[in-house]
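Peer 1: Sequence first, predicted coordinates after that:
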Amino acid sequence: MPDTKIHFTVLTLFEDMIRTNMGTSIMGRALENGIIDLNVIDIRDFSCNKHNRVDDYPYGGGAGMVMEAGPVYAACEKARGLFPDAKTKLIYMTPTGRTFDQDIAKELSETEHLIFLCGHYEGIDERALELEADDFISIGDYVLTGGELPALVVMDAVSRLIPGVLNNDESAGEESFENGLLEYPQYTRPEVFMDKAVPDVLLSGHHENIALWRLAQSLIRTDAYRADMMEQYVTDKKTIKKLSKLSDSDMLTDKEKEALNEILLILRKNAE
Ligand code: ADE
């Protein structure tokens, strides 16, 4: 059995949500194989009152309830104690954190023990966060009902970077965000589906043309959906020249040619 490469601990009020999801598919297999390890701690176990409540009214008034510092602090300390010698990071999942992306996933994949604190209600007493949180992560500019789905998102993205979690068929070198562009479209059999044929170039066996066509498709997608990424993308003069030749070939549709010509203007500007 391989050594466990990363320990995940989730502090939550909804244990099932975490266990059910993590037991499924690729993550389930990685857990079974011992490549990743999951511990779930129920914050309610650290409640200080007989009703098992962990929330209370906010000082200063306002809507909603706040999770008390005591149970959260105790749960965090319990989590840290599971692997006291491991390089550990305790992350509070919150829409007020830094926005998660592939670079953060890479950074976190180098930690030995990741602890995710999942809040509910209107949030967590700030003092527990001051004492325990090493990082604050949001998965996007929208508000969810709790931190469990965000924690699952982060664990998924981090796990697939751990060697052995993905097998060869699943691990793709050329993925969205890996090269600063969105991924190109993929096709498999049949060659024609509902009158739609696979682009000829992909059947040609001409590797250089295929690579260039895929790059053009990546650029077209990135320009359409992520203008912010397009602004940052820099490529060399040789590639720009090849792309401009492609924009004159029959490998692209008229619409794609038009889009690529617009993109070439950006690439030339970015290369200056
Ligand atoms: N909790 C609620 N919404 C969230 C979000 N967008 N990201 C991280 N944690 C959250």
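Peer 2: Ah, there it is.
Peer 1: rest of the way, CA atoms for contacts and neighbours
Peer 2: Will do.
Peer 1: Residue 199: how many residues sit nearby?
Peer 2: For residue 199, the count of nearby residues is 15 (other CA atoms under 10 Å).
Peer 1: Please give me every residue in contact with it.
Peer 2: Residues near residue 199 by CA atoms under 8 Å, 6 or more residues apart in numbering: none.
Peer 1: make it 10 Å
Peer 2: Residues in contact with residue 199 (CA atoms under 10 Å, 6 or more residues apart in numbering) are 187, 191, 192, 213, 251, 252, 253.
Peer 1: Which pLDDT value goes with the first one?
Peer 2: To tie it back to what came earlier, the one meant is residue 187. Predicted confidence (pLDDT) for residue 187: 98.
Peer 1: now stretch 257-266, how far from the centre of its chain.
Peer 2: 30 Å (CA atoms, centre = their mean, to the nearest Å).
Peer 1: What about residue 23, how many residues nearby?
Peer 2: Around residue 23 there are 15 residues (other CA under 10 Å).
Peer 1: distance of it from residue 248?
Peer 2: As judged by CA to CA, to the nearest Å, residue 23 and residue 248 stand 50 Å apart.
Peer 1: Repeat that for residue 227.
Peer 2: For residue 227 relative to residue 248 (CA to CA), the value is 24 Å.
Peer 1: swap in residue 91?
Peer 2: Residue 91 is 50 Å from residue 248, by CA to CA.
Peer 1: following the helix or strand containing residue 70, which helix or strand shows up next?
Peer 2: Element membership for residue 70, per DSSP states H and E: helix 69-82. Using DSSP H and E, the next helix or strand after helix 69-82 towards the C-terminus is strand 88-99.
Peer 1: List the buried residues for that following strand?
Peer 2: When burial is assessed from 16 or more other CA atoms under 10 Å, strand 88-99 yields the following buried residues: 88, 89, 90, 91, 92, 93, 94, 95, 97.
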